[in-house]
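In: Any chance you could fold what I've pasted below:
(2 chains)
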Amino acid sequence: MTILAQRPKSLLDVPMHYCPGCGHGIVHRLMAETFDELNIADRVIGVAPVGCAVFADSYFACDMVQGAHGRGPAIATGIKRSKPGAIVFSYQGDGDLASIGMAEIVHAAVRSEKITVIFINNAIYGMTGGQMAPTTLVGQVATTAPKGRDPELQGWPINMCEMLAQITGSKYLARVAVDSPQNVIKAKQAIKKAFENQVNGVGFSMVEVLSQCPTNWHADPMKALEFVRTKMMPQYPLGVFKDEGAK
Amino acid sequence: MPKIEVDANKCKACYLCVNACPKKCLGPSKTISKKGYFPAEQQRPEDCIGCKMCYLVCPDVAITVIK
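Out: A predicted model of the protein is given here:
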């Protein structure tokens, strides 16, 4: 009897608090698998965000810090600079990274801090109950945009990967999704690459993950996957936007 | 024959695994779990090919695939 697939060692054996069908759990697993495969679990230090993943420290078998809202990259910078041997990641959502934490992420990329950022983009504020995020799609209904996001009033969504790709200091930028088994495998490759870059000291790496939020999109998990494919992917095309790992 | 074990204490009945299974051998259980969900279970083990797609999409990492 052989085990083909089981919970990775770096993910603690506890039930997660995320809503049914939420993409956070899949990303947690991919990261934990990466820690196991690269054999870095004992020197990983993570920064948990403010948002749905605020309790991420309860799930990873590594050292974690819970940062102030949006300040993940700044805290990760401090940890990485004081402990250069550590593998430091910042795990952030779209409200955290693209709204209040915009300055921190841009300047971490400008300085090309040797950290890994995992950015979960679900186009809405999840934990606080479905308010409009900077990444909310045009026409998407949120509690603070009850008639749908109107560009005249609230502007257009931000594409973080494309924006950060303009910065010389960013070294690896990829956008992936976790809506289907194929995309989960691609997401795993991108996350692994981002952590390998840090092991090799390449520079700033970020992986943006399009994740489903069935609760705040008011959809069942299958319809949420459909929303990711039909609505989010045209606005946020998948792919690798920058890969300068070898240089 | 590959076997799928679903941890009923972790499963939140999103059924993404049921949706992802190419052989449709998973389905909702008839018994309620401690958390109050009807967890997913392997209903037709004879069709399972051990492709691990259910494991890949499970957000709660509740699935173990054994061969």
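
In: Show me where the chain has its helices.
Out: Picked chain A for this. A:24-38, A:72-82, A:94-95, A:102-110, A:151-154, A:160-164, A:181-199, A:221-227, A:233-235 (DSSP state H).

In: my question was about chain B
Out: Using DSSP H, helices in chain B cover B:16-20, B:53-57.

In: Near chain A, which residues of chain B are found?
Out: When proximity is defined by C-beta under 8 Å from any C-beta of the partner chain, chain B lies next to chain A at B:2, B:9-10, B:12-16, B:19-20, B:35, B:37, B:50, B:52-53, B:55-61, B:63-67. The way it works is simple: take the backbone N, C-alpha and C, and place the C-beta from them, glycine included.

In: residue ranges with poor pLDDT in chain A?
Out: A:246-247 (pLDDT under 70).

In: Likewise for chain B?
Out: Along chain B, no part satisfies pLDDT under 70.

In: Just the strands from it, written as ranges.
Out: With DSSP state E as the criterion, chain B has strands at B:3-6, B:26-28, B:40-42, B:63-66.

In: Chain B contacts on chain A?
Out: A:1-8, A:11, A:15-16, A:18-26, A:28-29, A:178, A:180-181, A:184-185, A:214, A:221-222, A:225.

In: coming back round to it: the strands of chain B into CSV, with extra columns for distance to residue A:139?
Out: Formatted as CSV, these follow (distance: least, C-beta to C-beta, whole Å):
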stretch, distance to residue A:139
strand B:3-6, 38
strand B:26-28, 34
strand B:40-42, 34
strand B:63-66, 36
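
In: Going through the residues of chain A next to chain B, which ones are buried?
Out: For the residues of chain A next to chain B, a burial check counting by 16 or more other C-beta atoms under 10 Å in any protein chain shown picks out A:5, A:7-8, A:11, A:15-16, A:18-26, A:28-29, A:178, A:180-181, A:184, A:214, A:221-222, A:225.

In: Span of stretch B:38-45 from start to end?
Out: End-to-end distance for stretch B:38-45, by C-alpha to C-alpha, to the nearest Å: 19 Å.

In: count of neighbours near the residue lying closest to residue A:129 once chain neighbours are set aside?
Out: Excluding its sequence neighbours, the residue lying closest to residue A:129 (C-beta to C-beta, 6 or more residues apart in numbering or on different chains) is residue A:143, at 6.3 Å. Neighbour count for residue A:143, taken as other C-beta atoms under 10 Å in any protein chain shown: 13.

In: returning to what we had before: and the helices of chain B, which is most packed in?
Out: For the helices of chain B, the largest average neighbour count (mean count of other C-beta atoms under 10 Å in any protein chain shown) is found in helix B:53-57, namely a mean of 25.

In: same for it, what does it pack against?
Out: For helix B:53-57, the elements it packs on are helix A:181-199, helix B:16-20, strand B:63-66, judged by 3 or more C-beta pairs under 8 Å, 6 or more residues apart in numbering or on different chains; DSSP states H and E.

In: which one of the ones you listed lies closest to residue A:233?
Out: helix A:181-199 (9.7 Å; C-beta to C-beta).

In: Tell me the buried residues in that closest one?
Out: Across helix A:181-199, burial judged by 16+ other C-beta under 10 Å covers A:181, A:183-184, A:186-188, A:190-198.

In: quick revisit: between the strands of chain B, which gets nearest to residue A:159?
Out: Proximity to residue A:159 (C-beta to C-beta) singles out strand B:63-66 among the strands of chain B, at 33.6 Å.

In: Within its sheet, name the partner strands of the closest one and how each one runs.
Out: strand A:3-5 (antiparallel), strand B:3-6 (antiparallel) (DSSP bridges).
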